[in-house]
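In: Requesting a structural model of the entry that follows:
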Amino acid sequence: MKDGLLTVVTPIEDTPAWNAGVKANDRIVKINNEITRDMTLTEAVKKLRGKPGESVTITILRESEKKIIELKIVRDVIKIKDIKDPRILEDGIGYIRVVEFRENTATDIRAAIDNLRKQGMNAFILDLRNNPGGLLDVAVKVTENFLEKGKLIVYTKGRKASQNLEFLAQSNRPVLEVPMVVLINEGSASGSEIVAAALQDYKRAILLGMKS
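Out: Predicted structure coming up:
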């Protein structure tokens, strides 16, 4: 909920919403012609969910285009592939897109990086556009692939001292010698912002794209 309106942070790639044309920052004003203004987030989620193959119609306000758009979404079982397109683009530039931070993301990205290095990678693009986040500890593990051991990546503070946590880079073989760019946009949130911010703070990577 943002400003009292049901707002899309980002549609996850290759899901029914993505395929229907939903975009980051779309405001969902109706679900099956029912106005969402007085709904809680939980109620809205219940109305959006349903059996695979059944459809739900949403009405969205796209403020960037000053349009009201009606979209029909066909529900499906959502299977997310967290890493996409690891490859060498040209001139030794490696590229990996991370869709979301899930349980196996850190392991998968390490394997992909090692494979790209074997192919002669001498520069690297980490694409976090439209990445809504995911598991905090996994975002930390992805980040530590590119920072010296012991560097503070992120910390949390709670009302009690026992809730205060620090997450430090732990990797014994980080990739430090390869120049790096991180791509972000308005759909990059939460864990992807932590990764991007840490790499920017230590001047390990340049951020490119749009404000998250």
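In: can we go C-alpha only for contacts and neighbour counts from here?
Out: OK.
In: so how far is stretch 173-183 from its chain's centroid?
Out: Taking the mean of its C-alpha atoms, stretch 173-183 sits 19 Å from the chain's own mean (CA atoms, centre = their mean, to the nearest Å).
In: Mind listing what's buried along it?
Out: Buried residues in stretch 173-183, defined by neighbour count with 16 or more other CA atoms under 10 Å: Pro174, Val175, Met180, Val181, Val182, Leu183.
In: Looking at those residues, which are in strands?
Out: When DSSP state E is applied, those are split such that Met180, Val181, Val182, Leu183 fall in strands.
In: can you tell me which two in those are farthest apart?
Out: Greatest spacing in these, by CA to CA: Met180 and Leu183 (10.0 Å).
In: which residues do those two both contact?
Out: Overlap of the contact sets of Met180 and Leu183 (by CA atoms under 8 Å, 6 or more residues apart in numbering) consists of Ile125, Leu126.
In: tell me which residues form a beta bridge with the spatially closest residue to Lys67 that is not a sequence neighbour?
Out: Distances taken as CA to CA, 6 or more residues apart in numbering place Leu61 nearest to Lys67, at 5.9 Å, with adjacent residues excluded. Counting by DSSP bridges, Leu61 is bridged to Arg27, Ile68.
In: any idea which of the ones in strands among the buried residues of stretch 173-183 is closest to Ala20?
Out: Leu183 (24.1 Å).
In: mind listing what's buried in stretch 44-59?
Out: Ala44, Leu48, Ser55, Val56, Thr57, Ile58, Thr59.
In: What about those residues, which are in helices?
Out: Ala44, Leu48 (DSSP state H).
In: Can you name the two of the buried residues of stretch 44-59 that sit furthest apart?
Out: By the measure CA to CA, Ala44 and Ser55 form the most distant pair in the buried residues of stretch 44-59, at 15.0 Å.
In: that's a strand at Tyr155, yeah?
Out: Yes: assessed by DSSP: H, G, I helix; E, B strand; the rest coil, Tyr155 belongs to a strand.
In: Surely it is in contact with Val140?
Out: No: using CA atoms under 8 Å, Tyr155 is not in contact with Val140, being 10.4 Å away.
In: Give me the more crowded residue out of the two.
Out: Val140 (24 against 10; other CA atoms under 10 Å).
In: What helix or strand is the more buried one located in?
Out: For Val140, the element it lies in under DSSP states H and E is helix 136-143.
In: and Lys84, what does it touch?
Out: Per CA under 8 Å, 6+ apart, neighbours of Lys84: Ile96, Arg97, Val98, Val99.
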